[in-house]
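*Asks:* Here is a sequence together with a model predicted from it:
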Amino acid sequence: MKLTTTTLVSVDGVMQGRGGPDEDRSGGFERGGWTTPLFDEETATYLYQVSGRADAFLFGRRTYEIFAGSWGAMADRATTPSQWR
């Protein structure tokens, strides 16, 4: 198994996941969700391909808590919309 990381980082060094405007306001950060408007079809295709090859995922606490509510909601990947495969 190999570890693969995907990191969203701005030119000035801001690292943050793809989330909404209130994703992470800690430390007075006021630009949460800055990656959302930049997320396009090419980015989606790349991330879905990387995720599809993963044997496992390692999440930070915040991401784990966000995703936890969705686990088990999709019974079969074969029946999911093509954009999620």
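*Replies:* Right, received. Where do you want to start?

*Asks:* contacts, neighbours, all on C-alpha from now
*Replies:* OK.

*Asks:* Let me see the ranges of the helices in the chain.
*Replies:* With helices called from DSSP state H, the chain shows them at 41-52, 61-68.

*Asks:* Which of these has the lowest mean pLDDT?
*Replies:* Ranked by mean pLDDT, these end with helix 61-68 at the bottom, a mean of 81.

*Asks:* tell me the most buried of the helices of the chain?
*Replies:* Per residue and on average, the most neighbours among the helices of the chain fall to helix 41-52, with a mean of 12 (mean count of other CA atoms under 10 Å).

*Asks:* Just the CA trace of that helix, in CSV.
*Replies:* Provided in CSV are the C-alpha atoms of helix 41-52 (Å, rounded to 0.1, in the frame of the first residue of the first chain):
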residue,chain,number,x,y,z
GLU,A,41,-14.4,19.4,-14.3
GLU,A,42,-10.7,18.7,-14.8
THR,A,43,-10.1,18.9,-11.0
ALA,A,44,-13.1,16.7,-10.3
THR,A,45,-11.9,14.0,-12.8
TYR,A,46,-8.4,14.0,-11.3
LEU,A,47,-9.6,13.8,-7.7
TYR,A,48,-12.1,11.0,-8.4
GLN,A,49,-9.4,9.0,-10.2
VAL,A,50,-7.0,9.4,-7.3
SER,A,51,-9.7,8.5,-4.8
GLY,A,52,-10.8,5.5,-6.9
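
*Asks:* That'll do, ta.
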